[in-house]
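Enquirer: Structure for this input, please:
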Amino acid sequence: MKLQVTQENLSRALNTVARIATTRGTLPILSNVLLKVIDNRLSISATNLDIAMTNFIGSKVSKEGAITVPARLMQDFVSSLPSDIISLELDNNKLKISSGKYQSVINGISAEDFPIMPAITEGKNWVIPAPILKKGLQQVIIAASSDEARPVLTGVYLHTFNNSLYAVATDSYRLAEKNLINTKETIDLLIPCSAMQDLLRIIGDFDGDIEVTSDDQQVLFRVGEIELITRLIEGKYPDYRKLIPEKFAVTATLPHSELLNITKVSSLFARESAGSITINVDDKDQQINIHSIASQLGENTAAAEAKVTGDGNITLNSRYLLDALHIIGSENVSLSFNGKLEPSVLRESGKTTDYTHIIMPLKS
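Expert: Numbering: from 1, shown residues only. Next up is the predicted model:
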């Protein structure tokens, strides 16, 4: 292998993929990145056996080849070099790196020992605009569980229902659902949340279409010159639609900023009670107020005017409510519920209601 690349392109690619490499595995080679020349381009890959990422960059190739080198060392070294042309040359599993007055040799491990995730040969292909998928993932990923005892809840569920593609996540205490796009494809993918966080990171400001290829075991996302492939979570996702009420006895609609402010203030007094706040909705006074108590410090009631139908109160976890409010972008929001022990539903208020956030009540 012998080629030349720019320092900027090589450093950016290493920064993108090196985070996938792991030093905690039993295979030392998993802490390496794979450098390989494919079709006159340099590909840089890393994997932890569950997720693999590849970044392709343009290069001036004199000789093809492949080698794996320590990810952290390669990343730190290249990022420390000045902006210039970098020459890479392979000699008996030793990678010679030269740029200007900088010369280095990094000992590598044969590329033949690098684990490659199986290619998706007979998969389903579809596309989705990057900005839509990015916003959707940002709005649902907060509700995914981190409890490995229930693996199906640690993923983001991408599926079609009534010719629409939805992204869903839940930890059984809250649930977030986002309607992404209309499609005639039949999609049913349960994807690890960690992979979706990596996907968000590589989407960044990319505003083109993301190409998606999937089969029964894996899914591949192609974002420009970057590919991310991950194993799917096995298991059946819960029938969450049964949780979403069709009608509500109590609904309060108000400016997003108002609900965010009174929740923030009330949460300060709710720290001792695991974030517990009681929300009261008053039809007569057309207002919503939030009450919280800190037994050692005092108590607080904060109110805001709202468009209200029905009377009632419900006790929620203030952190869950704040998490939801922070990723809702609409000017107005509506909070709806039927009773103290039934789910509360937070939605964006306006022409589009493509985002639903459910928070299960606490026992008051």
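Enquirer: Surely residue 260 is in a strand?
Expert: No: assigned with DSSP: H, G, I helix; E, B strand; the rest coil, residue 260 falls outside any strand and is helix.
Enquirer: shouldn't it be in contact with residue 324?
Expert: No: between residue 260 and residue 324 there is no contact under CB atoms under 8 Å: 10.0 Å. (Each C-beta comes from the backbone N, C-alpha and C, glycine too.)
Enquirer: Which residue, other than its chain neighbours, is closest to residue 286?
Expert: Using CB to CB, 6 or more residues apart in numbering and skipping the chain neighbours, the partner closest in space to residue 286 is residue 308 (5.1 Å).
Enquirer: got it, and residue 251?
Expert: Residue 251 sits nearest to residue 336 (CB to CB, 6+ apart), 4.3 Å away.
Enquirer: what sits against the one you found?
Expert: 245, 248, 250-252, 344-345, 347 (CB atoms under 8 Å, 6 or more residues apart in numbering).
Enquirer: Residue 179 too?
Expert: So residue 179 contacts 164-166, 354-355 (CB under 8 Å, 6+ apart).
Enquirer: Secondary structure for those residues - can I get that in TSV?
Expert: Shown next, in TSV, are these (three-state DSSP):
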residue	secondary structure
164	strand
165	strand
166	strand
354	coil
355	strand
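Enquirer: Return the distance of residue 267 relative to residue 100.
Expert: 54 Å (CB to CB, to the nearest Å).
Enquirer: Between those two, which is the more surrounded one?
Expert: residue 267 (20 against 11; other CB atoms under 10 Å).
Enquirer: Am I right that that one is in a helix?
Expert: Yes: counting by three-state DSSP, one finds residue 267 located in a helix.
Enquirer: How about it: what's its closest non-neighbour residue?
Expert: residue 318 (3.8 Å).
Enquirer: Does that neighbour touch residue 275 like I think?
Expert: Yes: Residue 318 is within contact range of residue 275, at 4.4 Å (criterion: CB under 8 Å).
Enquirer: so how far is stretch 297-313 from its chain's centroid?
Expert: Going by CA atoms, centre = their mean, to the nearest Å, the spacing between the C-alpha centre of stretch 297-313 and its chain's C-alpha centre is 33 Å.
Enquirer: residues of that stretch that come out buried?
Expert: Taking 16 or more other CB atoms under 10 Å as the neighbour-count basis, stretch 297-313 is seen to contain the buried residues 300, 302, 304, 306, 308, 312-313.
Enquirer: Now do the helices in the stretch 51-200 of the chain.
Expert: 71-80, 130-140, 193-203 (DSSP state H, counting those that start in this stretch).
Enquirer: Can you name every helix or strand that the last one contacts?
Expert: Translated: helix 193-203. strand 51-58, helix 130-140, strand 155-161, strand 218-223, strand 226-231 (3 or more CB pairs under 8 Å, 6 or more residues apart in numbering; DSSP states H and E).
Enquirer: Could you rerun that using 10 Å?
Expert: helix 7-17, strand 51-58, helix 130-140, strand 155-161, strand 164-170, strand 209-214, strand 218-223, strand 226-231 (3 or more CB pairs under 10 Å, 6 or more residues apart in numbering; DSSP states H and E).
Enquirer: Give me the local confidence score for the closest residue to residue 148 other than its chain neighbours.
Expert: Spatial nearest neighbour of residue 148, excluding adjacent residues (CB to CB, 6+ apart): residue 154 at 6.5 Å. Predicted confidence (pLDDT) for residue 154: 97.
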